[in-house]
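Trainee: Quick one, fold the following:
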Amino acid sequence: MGKDKDPEKAAKKAAKAAKRAAEEAAEAPPTKVAKTDDEEPKVKLSKEEKAAKKAAKEAKKAAKGEVKEEEETTTKKDKKKKKDKEADDDESPKKAKTEDLSADAPAVEARVYVGNLPFSMTDDWIKEEFQSAGAVTKTDWLSHADTGRFKGSGFITFASEAEAAKAVELNGKELEGRPMKVELATPRKAAPPGGFGGSGDLGEPTASIFCGNLSWNVTEDQLKEAFSSCGEISRIKWVEKDGEFKGICFIDFNSIEDATKAVALAGTQVAGRPLRINFSKPKEPAAGGKGGAWKDKPGGAGGRTERPYKPQGAKPDGCLELFCGNLPWSIDEAKIATFFKGAGAEVASTRWLNDKETGEFKGIGFVAFHDTESVDKAVTLGGENLDGRPIRLDYAGQKKEKPAGAWQGGGGW
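Mentor: Okay, here's the model as predicted:
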């Protein structure tokens, strides 16, 4: 067991025994052996010599075993090193490839919904509130389709999903006394740009088209430029309600072929918004008119109720003021004064009507003139375009004086 456990010690021990036996054999007299004619005389080994020879063999065998064990150990180590190296070589390209893919992979943007915001919210303000989460790369505010008023909510975009996750942690933070609602936006499927209500159904081909999802600031010139490759536009009708633009319109072309080209442009960006386009529902053609065009009727076009652009009733006595509707959002006193000056009417003052809750301009107002003659000149401009929008005018009348009563210093109950 000692030899198996420590071959080196066994070899040394055997070598010492062999040396000692050799010395004893040298001192002892040689043993005589009988000779024959056919054989050479053999020397008979003494016990000491046999022991020395046996010890020498064991020492040699032990030495060989040690060398062999060392060789096997070295071989195993070399094989392991070689195997590890081959594994590293095989893994390195994969690792490098993975690293390359990670480096080349674009960062995934993430959107966050924010609600219950103050109506005075701005882009800079929202960016400042979320700067602890990351940089806001884009803002999309939500507004009412019929009035264009801010809903107090919207979507903000971050450069990564990690930043968006941090932004959600700000849920409930108060802004001007209102707890903000913050949550990850759920990706939604994009609706087809064309068709009624985004259904993809373009309707029966006619020479007229419907345009939806229009910007509140879109102008007639911008639409004409967008459809310039389709053909000549004969008419654009803006759709309004209570003097406010609804973000939709109808456009007449000279032929169905031109209108078909226009419908193919669904999704085109105009004034920052993608157009939703489909054919307008066919109407009975007007006498001498083109098929598919709106049939003009008193007080409107194409059978659709439309408020007139000029006063329909008699002018009140002493009228010095006009109601103005369908005004562009860019209107101001200087622009309206220049507009009426073109007809020779001098503007005395203006009153713009704003929403009571939001303070936003409603697209309507009143314009006062110095004399009734100027009012007569001004009404001739009804239907004329101002910043791309046809102005609607009507007599504002003359305010009746309140009768003197108990609270006016005269009369009584």
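
Trainee: make it CA atoms for all contacts and neighbour counts henceforth
Mentor: Noted.

Trainee: And the strands in the stretch 151-300 of the chain, which stretches?
Mentor: Per DSSP state E, counting those that start in this stretch, the stretch 151-300 of the chain carries strands over the ranges 174-175, 178-179, 181-184, 208-212, 233-241, 244-253, 269-270, 273-274, 276-279, 300-301.

Trainee: Put together TSV for those strands, with distance to Cys324 on each row.
Mentor: Supplementary listing: the strands of the stretch 151-300 of the chain in TSV, determined by distance: least, C-alpha to C-alpha, whole Å:
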stretch	distance to Cys324
strand 174-175	37
strand 178-179	37
strand 181-184	39
strand 208-212	25
strand 233-241	14
strand 244-253	12
strand 269-270	26
strand 273-274	27
strand 276-279	29
strand 300-301	18
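
Trainee: So which residues of the stretch 201-350 of the chain form helices?
Mentor: Along the stretch 201-350 of the chain, counting by DSSP state H, counting those that start in this stretch, helices occupy 220-226, 256-263, 333-341.

Trainee: tell me the most buried of those?
Mentor: helix 256-263 (a mean of 20; mean count of other C-alpha atoms under 10 Å).

Trainee: now the angle from that one to strand 233-241?
Mentor: Calculated by axes from the mean of the first three to the mean of the last three C-alpha atoms, to 10 degrees, helix 256-263 forms an angle of 50 degrees with strand 233-241.

Trainee: need the contact list for Gly231.
Mentor: The contact partners of Gly231, by C-alpha atoms under 8 Å, 6 or more residues apart in numbering, come to 253-254, 258.

Trainee: Just list the residues touching Ser330, thanks.
Mentor: With the criterion set at C-alpha under 8 Å, 6+ apart, Ser330 makes contact with Asp387.

Trainee: circling back to that earlier point, can the helices of the stretch 201-350 of the chain go into CSV with extra columns for distance to Ile126 and mean pLDDT?
Mentor: Below are the helices of the stretch 201-350 of the chain laid out as CSV (distance: least, C-alpha to C-alpha, whole Å; pLDDT from 0 to 100):
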stretch, distance to Ile126, mean pLDDT
helix 220-226, 31, 91
helix 256-263, 37, 89
helix 333-341, 32, 92
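
Trainee: still on that earlier bit, ok, the contacts of Gly231 vs Met121, which is closest?
Mentor: Using C-alpha to C-alpha, Phe253 comes nearest to Met121 of these, at 41.1 Å.

Trainee: Give me the pLDDT for that closest one.
Mentor: Phe253 is assigned 91 on the pLDDT scale.

Trainee: okay but it is in contact with Ser229, surely?
Mentor: No. Contact between Phe253 and Ser229 fails when scored by C-alpha atoms under 8 Å: they sit 12.0 Å apart.

Trainee: Excluding chain neighbours, what is closest to Gln222?
Mentor: Val270 (7.0 Å; C-alpha to C-alpha, 6 or more residues apart in numbering).

Trainee: For that neighbour, list each beta-bridge partner.
Mentor: In this entry, Val270 is beta-bridged to Arg273, by DSSP bridges.

Trainee: State the number of residues packed around it.
Mentor: Using other C-alpha atoms under 10 Å, Val270 has 17 other residues around it.

Trainee: What's the separation between it and Leu223?
Mentor: Computed as C-alpha to C-alpha, to the nearest Å, the Val270 to Leu223 distance reads 7 Å.

Trainee: go on, Lys362?
Mentor: 23 Å.

Trainee: now do Lys151
Mentor: Distance of Lys151 to Leu223, given as C-alpha to C-alpha: 27 Å.

Trainee: mind checking which of the strands of the stretch 151-300 of the chain is nearest Val263?
Mentor: strand 276-279 (5.6 Å).

Trainee: elements contacting that closest one?
Mentor: In terms of contacts (3 or more C-alpha pairs under 8 Å, 6 or more residues apart in numbering; DSSP states H and E), strand 276-279 is packed against strand 208-212, helix 256-263.

Trainee: List the residue ranges of the stretch 301-413 of the chain that fall below the pLDDT cut-off.
Mentor: Residue ranges of the stretch 301-413 of the chain with pLDDT under 70: 301-307, 397-413.

Trainee: go on, the stretch 101-250 of the chain?
Mentor: The stretch 101-250 of the chain contains residues with pLDDT under 70 at 101-107, 145-148, 187-201.

Trainee: Throw the contacts of Gly231 into JSON lines and include distance to Leu265, thanks.
Mentor: JSON lines is the format used below for these (distance: C-alpha to C-alpha, whole Å):
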{"residue": "Phe253", "distance to Leu265": "14"}
{"residue": "Asn254", "distance to Leu265": "17"}
{"residue": "Asp258", "distance to Leu265": "11"}
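
Trainee: With respect to Thr358, which of those residues is nearest?
Mentor: Using C-alpha to C-alpha, the contacts of Gly231 come closest to Thr358 at Phe253, 38.5 Å.

Trainee: ok, that closest one - how many residues close by?
Mentor: Phe253 has 25 nearby residues by other C-alpha under 10 Å.
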